[in-house]
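[1] this one's sequence-less:
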């Protein structure tokens, strides 16, 4: 009679890497438009969007949010497209958290 051999397979689940979406200050993009991007694309409440906008204005950069890679990249593309359509040179980047 054949022996049964059982294997225990261990599956490790890891959290995906997260990425900060960073807005960069420039001399042309209006504060109102930055708030519009933060509310419309990044789903921030107006008060939080205003705080982030002031960070961008005063410090040179501000964090729009922290997301998985695909979501961060999608939001950057959406915001860049809105900026381009209106004629602003808003720069967004992402970096691993």
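    Looks like it arrived, so ask away. Because the structure is predicted, anything quoted here is derived from the model rather than measured.
[2] Name the residues that touch the longest helix that the chain contains?
    Criterion DSSP state H: the longest helix present in the chain is helix 69-86. Here helix 69-86 makes contact (CB atoms under 8 Å, 6 or more residues apart in numbering) with 16-17, 19-21, 29, 33, 36-37, 40-42, 64-67, 89-90, 92-94. Heads up, the C-betas are built off the backbone N, CA and C, glycines and all.
[3] switch the cut-off to 10 Å
    16-23, 26, 28-30, 33-34, 36-38, 40-43, 64-68, 88-97 (CB atoms under 10 Å, 6 or more residues apart in numbering).
[4] Give me the buried entries from these.
    Those of the contacts of helix 69-86 that meet the buried threshold are 19-23, 29, 33-34, 36-38, 41-42, 64-65, 67, 88, 90-92, 94, by 16 or more other CB atoms under 10 Å.
[5] Return the distance of residue 63 relative to residue 14.
    23 Å (CB to CB, to the nearest Å).
[6] Could you check which of these two has the larger neighbour count?
    For the pair residue 63 and residue 14, the greater number of neighbours falls to residue 63 (15 against 5), based on other CB atoms under 10 Å.
[7] after the longest helix of the chain, next one along is what?
    Along the chain past helix 69-86, the next helix or strand (assigned with DSSP states H and E) turns out to be strand 91-96.
[8] so what's the residue nearest to the spatial centre of the chain closest to, chain neighbours aside?
    The chain has residue 21 as the residue nearest its centroid, 3.3 Å off, counting by CA atoms, centre = their mean. Closest residue to residue 21 apart from its sequence neighbours, by CB to CB, 6 or more residues apart in numbering: residue 64 at 4.4 Å.
[9] Return the list of helices and strands in contact with the strand or helix carrying residue 67.
    Secondary structure from DSSP H and E places residue 67 in strand 61-68. With contacts taken as 3 or more CB pairs under 10 Å, 6 or more residues apart in numbering; DSSP states H and E, strand 61-68 sits against strand 18-24, helix 31-40, helix 46-59, helix 69-86, strand 91-96.
[10] I am finished for the moment; much appreciated.
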